[in-house]
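Asks: Give me coordinates for this.
(one chain, ligands or ions: 2)
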Amino acid sequence: MSITKMGVIGMATMGRNIAINIAKKGYKVYIYNRSKEKTNKIINQNLYKNIIPTYNLKEFIKSLSYPRIILIMIKSGNAIDKIIYELKNYLIIGDIIIDGGNTLYLDTIIREKYIYKIGINFIGAGISGGEEGALKGPSIMPGGNKISYKLISQLFKKVAAKINKNTCIKYIGPNGSGHYVKMVHNGIEYGDMQIIAESYLILKNILNLNNEELATIFKKWNKGDLNSYLIEITYYILRKRDEKTGKYLIDIILDIANQKGTGKWSSKNALDLCIPLPLITQSVFSRYFSYLKNERVNASKFLIAPPKKIIGNKISFIESVRRALYMSKITSYAQCFAQLKFASNKYFWNMNYEEISKIFSAGCIISAKLLKKISEAYNNMPNINNLLMAPYFQKLTSKFQSALREIVAFSVINGIPIPAFSSAINYYDSYRSKFLPANIIQAQRDYFGGHTYKRIDAIGNFHTNWV
Ligand SMILES: NC(=O)C1=CN([C@@H]2O[C@H](COP(=O)(O)OP(=O)(O)OC[C@H]3O[C@@H](n4cnc5c(N)ncnc54)[C@H](OP(=O)(O)O)[C@@H]3O)[C@@H](O)[C@H]2O)C=CC1
Ligand SMILES: O=C(CO)[C@H](O)[C@H](O)COP(=O)(O)O
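Replies: Ligands and ions are numbered 1, 2, ... in the order given. You can find the predicted model right below:
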């Protein structure tokens, strides 16, 4: 069946730009937004004749042909339930609703079940790329009923980002799997942003570099292994001047990092699954630390910093920071892909990690050169438990670990907070540890609570009368 038209609900940043993107590909796009101002704004821009405004849901649905394909791009949470509740009055068996927002995968699992029961197909699609990606080609992670996905796949392949011969969309799996992958994508995004921020802090505080010098370093890094969207925009951010004052904008931006919460979802999920995700969790906590601005300012007057140690060779220090950043990035992706694997097994999603790394390769916030190495690693070893064990990453981390150790130690000695960098080396060391001191913890649990322990020389649970 050939699709020629579809509907988009929600004309804020993402919905508007995806609607334009779809229209550019020659489809008729009927748009609807709760408040009419956003709809009128896009129409007044006179962009494409095949973007057609509608002002209530009834009119919106009537404009579409069967099966009606409706992409919802609105604020996640209750708003999605409300809109589905209204839509359900007008939809018939076989119509397709796609939730393209940042929805919690657990909500998608519930909604898919409910909507499927009434005969409507539901796809929970993670979409990444921000404003620019939505317009030029985002990375799309669809989950849900595979037959419905097949109906919309041709259209969405035209909309998605392309890199080399790869189109950044692939069916992920049933029910909430697409939104789960988007959640993990955002966890990676939090980690990447935090380790870039820590690199900036180390270089700024230890080497006293100015914004132009810092920008030059990021520009150079972007030409090598660290090549990524986030490193690229950091270069532009560091050079941007404030229109009002003429000063560097970065020096005027308050050091409080906000969040909508998807990074927190990743961390909470890892805690629920009982799997380690320290770098992402430290990145979430770092945003929480940033909120304590007044307390931090006050504490800085009373809690003494250590005396500054001077570094020897500036050039080799910068190279160590680059290696520390790359090593941290690798451990971060290793943690997050291990999280995907654990969840995929638990929920029977049968995820393909090679394909997922390819979807992340362009159009999204975490697009990076490293993802090519990750997809190659999964191509060679599809069932590997942890990316650190892939021969390429074994070799690379054994070479780069000393730089990360050096930078973490030097930052700690100088009193520079680097929670994500230090969690990266701790993850690496914990993962490669044949022995961890959990025997002490287990003995303590048995001592105070009779919780029993296992022995290395016998099978079963044992309890000791410790006193
Ligand atoms: N911004 C980004 O960079 C990215 C966002 N996303 C996700 O995509 C989705 C859309 O994001 P974005 O475009 O930024 O928009 P926002 O998340 O800022 O949401 C604003 C839109 O939601 C609509 N809305 C809010 N509540 C309701 C409701 N109860 N009923 C109907 N409509 C409602 C608003 O309508 P009204 O104008 O009437 O208020 C408006 O169109 C979100 O889930 C977001 O998390 C995903 C990737 C990137
Ligand atoms: O999904 C996104 C990109 O992939 C959004 O930009 C996301 O909302 C940013 O997350 P937060 O507001 O929590 O920093």
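Asks: How many residues are close by Ser430?
Replies: Using other C-beta atoms under 10 Å, Ser430 has 12 other residues around it. (Glycine included, C-beta is placed from N, CA and C.)
Asks: repeat for Lys240
Replies: Neighbours of Lys240 using other C-beta under 10 Å come to 14.
Asks: do the same with Arg241
Replies: 12.
Asks: Only the buried residues of stretch 317-331, if you could.
Replies: Residues of stretch 317-331 classed as buried: 317-318, 320-331 (neighbour count, 16 or more other C-beta atoms under 10 Å).
Asks: Now the residue most central in space within the chain: closest residue in space, sequence neighbours ignored.
Replies: Here the mean C-alpha position of the chain is nearest to the C-alpha of Asn186 (C-alpha atoms, centre = their mean), at a distance of 1.7 Å. Spatial nearest neighbour of Asn186, excluding adjacent residues (C-beta to C-beta, 6 or more residues apart in numbering): Thr262 at 3.7 Å.
Asks: any idea which helix or strand carries the residue nearest to the centre of the chain?
Replies: Using DSSP states H and E, the element containing Asn186 is helix 177-207.
Asks: How about Gly224?
Replies: Assigned by DSSP H and E, Gly224 falls outside every helix and strand.
Asks: Tell me who's in contact with it.
Replies: When contacts are counted by C-beta atoms under 8 Å, 6 or more residues apart in numbering, Gly224 touches Arg322.
Asks: distance of it from Glu319?
Replies: Distance, Gly224 to Glu319, using C-beta to C-beta, to the nearest Å: 11 Å.
Asks: One more: Tyr447?
Replies: 49 Å.
Asks: what do you get for Lys373?
Replies: For Lys373, the distance to Glu319 - C-beta to C-beta - is 20 Å.
Asks: Buried residues in the helix or strand where Lys373 lies, which are they?
Replies: Assessed by DSSP H and E, Lys373 sits inside helix 370-380. Buried residues in helix 370-380, defined by neighbour count with 16+ other C-beta under 10 Å: 370-375, 377-378.
Asks: now swap in stretch 147-155 and tell me
Replies: So for stretch 147-155, counting by 16+ other C-beta under 10 Å, buried means 148-149, 151-153, 155.
Asks: Kindly list the longest strand within the protein.
Replies: For the chain, the longest strand by residue count, based on DSSP state E, is strand 121-128.
Asks: roughly how far apart are whatever residue of the stretch 251-400 of the chain ends up closest to ligand 1 and Glu376?
Replies: Closest residue of the stretch 251-400 of the chain to ligand 1, C-beta to the nearest ligand atom: Lys260 (5.9 Å). Taking C-beta to C-beta as the measure, Lys260 falls 33 Å from Glu376.
Asks: one step back: show residues contacting the helix or strand following the helix holding Lys373.
Replies: Using DSSP H and E, the helix or strand that follows helix 370-380 in sequence is helix 391-413. Contacts to helix 391-413, defined as C-beta under 8 Å, 6+ apart, come from residues 202, 206, 306, 309, 311, 319-324, 326-328, 330-331, 334, 373, 376-377, 380, 387-388, 417-418, 421-422, 424-425, 428.
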